[in-house]
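Asks: 3D model of this:
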Amino acid sequence: MEDAYAPPGTLDDAARLLTEITDYCRLAGLAESTFGKLAVNDGKFVSRLRDGGRITTHTLQRIRSFIAAHPPEGDPESRSLFVRHRRAAATQAPARSEGIAAGDKSFRFFDNRQKYLMFVNTCSEKWRVAERAGQVLESLKPRPPAIRLFDAGVGDGTVLARVMRALHQRYATFPFYVVGKEISLEDVRLAMEKMPDRFVEHPATVLILTNLNYADAPALMPHSLTAATSLVWHEAKLSGSTAYDFEEQITGLQSFLSENWRANVSPATGQLVYDRPAVLVLYREDHRFLLDQVIARRGGARAEYDLVLASQPYRALAPLEFKVERVLAPLARALRPGGRLLGIQSHGDDPGMEIIHAIWPEENPFTQDRHTVLRALEQALGEDARQFAFEPGTDEHSLLRYDMHALPGEMLESIGTSTLFAAWNAAIYVGQIDDTRLEAVMGDRRYLDVTREVIRHHGGLWFWDETFVVSRKG
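Replies: Got it, this is the predicted structure:
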């Protein structure tokens, strides 16, 4: 019987294996499904591994033997692909908060799919964020021809789908113009899976997904002439009237996404960047006449939104200048008069950070609170700042607590290893601990013992986000 491979070290080693496969596919020009078929005769192998699937040590050896035996053409160093990965990891100095904040190009924590997927499926953050956004809806004063919503980071679509339901509850007869920015192909796929029922319950919906950056996405048009001329604009007219009808057609867009929603890491900044700019517009064909003044046209979209959701749009350790000038300022300027931007960022000072401090006592990723961010945003907007109101709110109103899901009594009675690992994963995900430092502490069980003690002390595990609002006057 073969030894099970989970993979070793679980999430960290799985991430490294996925990185190796992704690098190889990029260099070789192979689709991940093709790689799976060639390497292990399983076209869904990579997607299952990305979703946390287990493999055997024999399969792991087959994968690495295949890559070593089939170097991509035109890449003479590819035979030592894994050696180069190990050399790069070994020569990296342990990341410090200051270095990461200054722009460590190797630090891409929030692109780690395993940590992300485990976090969103074991914690209630997205539920609570959507609930908070629902409160902001009460103060909107939409104008014809549609309610306009911009989601500055769609992720897996949980928040967007919930907010769209809340919008329908309050504005059942209003057309919706909804734009979601997301550069991750996997997240776009997950988000689109949640949308068929939205077109059934609220047929007067125009849903637009784009991979453009924060400065360009609200108006659906790149500022760069080169990017503008290469923009892929696809209009999907959905026929039928049932969720099944729409699900089939949305699923049929996978080939379009696979071809046009690719992303790479910029060698200059270390950030994810699109291979080509893309905009996908979806609406019901039988509502085309009603939505004629709502449907976005290439070159004719307007960045005037009633609500902008900016939930975790940047890393806590990102430079303040980046947060306000590259993210928040363009989003604030995309508000129409009376529109509101809801910002959500991690706050710390919770049991999750107690776990982090027990291992890394000096760690403090949350140095720029909402007050600091809003002051910097006001300064960055310059003379335009007079058009806006900046509302940090009191702690009682601003702070948003979310919890880790657990079965009744599971946290307090017998805490299983899977629960401990999920709690540890949530803590390091929110605390943005990079893989280099994780490797140094996961050689023994101390990190699990620390996690267990914090859970028992508090009777569970929770985290704090903080929220703020920027509204455009008028």
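Asks: all strands of the protein, in order?
Replies: Here the chain has its strands, by DSSP state E, at 4-5, 55-56, 147-151, 176-181, 205-210, 232-238, 263-265, 272-274, 278-284, 305-311, 335-346, 388-391, 399-403, 462-472.
Asks: Dump those into JSON lines; add mean pLDDT, distance to residue 434 and mean neighbour count as well.
Replies: All C-beta atoms are positioned from the backbone trio N, CA, C, and that covers glycine. Listed next are these as JSON lines, based on pLDDT from 0 to 100; distance: least, Cβ to Cβ, whole Å; neighbours: other Cβ atoms under 10 Å:
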{"stretch": "strand 4-5", "mean pLDDT": "37", "distance to residue 434": "24", "mean neighbour count": "14"}
{"stretch": "strand 55-56", "mean pLDDT": "69", "distance to residue 434": "25", "mean neighbour count": "17"}
{"stretch": "strand 147-151", "mean pLDDT": "98", "distance to residue 434": "27", "mean neighbour count": "25"}
{"stretch": "strand 176-181", "mean pLDDT": "98", "distance to residue 434": "25", "mean neighbour count": "25"}
{"stretch": "strand 205-210", "mean pLDDT": "98", "distance to residue 434": "29", "mean neighbour count": "24"}
{"stretch": "strand 232-238", "mean pLDDT": "97", "distance to residue 434": "33", "mean neighbour count": "16"}
{"stretch": "strand 263-265", "mean pLDDT": "79", "distance to residue 434": "15", "mean neighbour count": "14"}
{"stretch": "strand 272-274", "mean pLDDT": "82", "distance to residue 434": "16", "mean neighbour count": "16"}
{"stretch": "strand 278-284", "mean pLDDT": "98", "distance to residue 434": "30", "mean neighbour count": "23"}
{"stretch": "strand 305-311", "mean pLDDT": "97", "distance to residue 434": "22", "mean neighbour count": "25"}
{"stretch": "strand 335-346", "mean pLDDT": "97", "distance to residue 434": "16", "mean neighbour count": "22"}
{"stretch": "strand 388-391", "mean pLDDT": "97", "distance to residue 434": "32", "mean neighbour count": "17"}
{"stretch": "strand 399-403", "mean pLDDT": "96", "distance to residue 434": "23", "mean neighbour count": "17"}
{"stretch": "strand 462-472", "mean pLDDT": "97", "distance to residue 434": "19", "mean neighbour count": "22"}
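Asks: Backbone dihedrals for residue 442, please?
Replies: Main-chain torsions, residue 442, degrees, to the nearest 10: phi -100, psi 20.
Asks: Could you tell me how many residues sit around residue 169?
Replies: Residues lying near residue 169 (other Cβ atoms under 10 Å) number 12.
Asks: no wait, residue 190
Replies: Other residues near residue 190 number 18, with proximity taken as other Cβ under 10 Å.
Asks: Contact partners for it?
Replies: Residue 190 makes contact with 155-157, according to Cβ atoms under 8 Å, 6 or more residues apart in numbering.
Asks: Which one of the residues you listed sits in the busiest neighbourhood?
Replies: Counting neighbours by other Cβ under 10 Å, residue 157 leads the contacts of residue 190 with 24 neighbours.
Asks: for the residue positioned nearest the centre of the chain, phi and psi?
Replies: Closest to where the C-alpha atoms of the chain average out (Cα atoms, centre = their mean) is residue 155, at 3.8 Å. Main-chain dihedrals, residue 155, degrees, to the nearest 10: phi 60, psi -140.
Asks: Report the buried residues of stretch 16-36.
Replies: 16-18, 20-21, 23-25, 27-28, 30, 32-33, 35-36 (16 or more other Cβ atoms under 10 Å).
Asks: re earlier: any idea which of the contacts of residue 190 is the one closest to residue 379?
Replies: When the contacts of residue 190 are compared for distance to residue 379 (Cβ to Cβ), residue 155 wins out at 29.3 Å.
Asks: re earlier: switch the contacts of residue 190 over to a markdown table; also include distance to residue 120.
Replies: As requested, those are exported to a markdown table (distance: Cβ to Cβ, whole Å):
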| residue | distance to residue 120 |
| --- | --- |
| 155 | 7 |
| 156 | 6 |
| 157 | 10 |
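Asks: And these, which is closest to residue 175?
Replies: Of all those, residue 175 sits closest to residue 157, with 20.4 Å by Cβ to Cβ.
Asks: got a list of what that closest one touches?
Replies: 180, 187, 190-195.
Asks: about what we covered before: okay, the residue nearest to the centre of the chain: pLDDT?
Replies: Per-residue pLDDT puts residue 155 at 91.
Asks: Quick one, which of the contacts of residue 157 are buried?
Replies: 180, 187, 190-192, 194-195.
Asks: just to revisit the earlier point, please identify which pair of the buried residues of stretch 16-36 lies farthest apart.
Replies: The distance between the two most remote of the buried residues of stretch 16-36 (Cβ to Cβ) is 20.9 Å, for 16 and 33.
Asks: where exactly do the helices run in the stretch 301-450 of the chain?
Replies: Secondary structure of the stretch 301-450 of the chain (DSSP state H, counting those that start in this stretch): helices located at 320-321, 329-333, 351-359, 370-381, 395-398, 417-431, 435-441, 446-458.
Asks: where in the stretch 101-250 of the chain is pLDDT low?
Replies: By pLDDT under 70, the low-scoring segments of the stretch 101-250 of the chain are 101-112.
Asks: could you redo the last one with a cut-off of 90?
Replies: 101-118, 138, 223-227 (pLDDT under 90).
Asks: all helices of it, in order?
Replies: Using DSSP H, counting those that start in this stretch, the helices of the stretch 101-250 of the chain run over 113-122, 125-137, 158-170, 185-193, 196-201, 225-229, 243-251.
Asks: what's in contact with the fifth one?
Replies: To tie it back to what came earlier, the one meant is helix 196-201. In contact with helix 196-201 (Cβ under 8 Å, 6+ apart) are residues 161, 164-165, 168, 205, 207, 238, 241-244, 246-247, 250, 282, 284.
Asks: out of those residues, who's nearest residue 402?
Replies: Of all the contacts of helix 196-201, residue 161 has the smallest distance to residue 402: 17.4 Å, by Cβ to Cβ.
Asks: Excluding chain neighbours, what is closest to that closest one?
Replies: Spatial nearest neighbour of residue 161, chain neighbours left out: residue 194 (4.3 Å); criterion: Cβ to Cβ, 6 or more residues apart in numbering.
Asks: The one you found and residue 474: what is the separation?
Replies: Separation of residue 194 from residue 474 (Cβ to Cβ, to the nearest Å): 33 Å.
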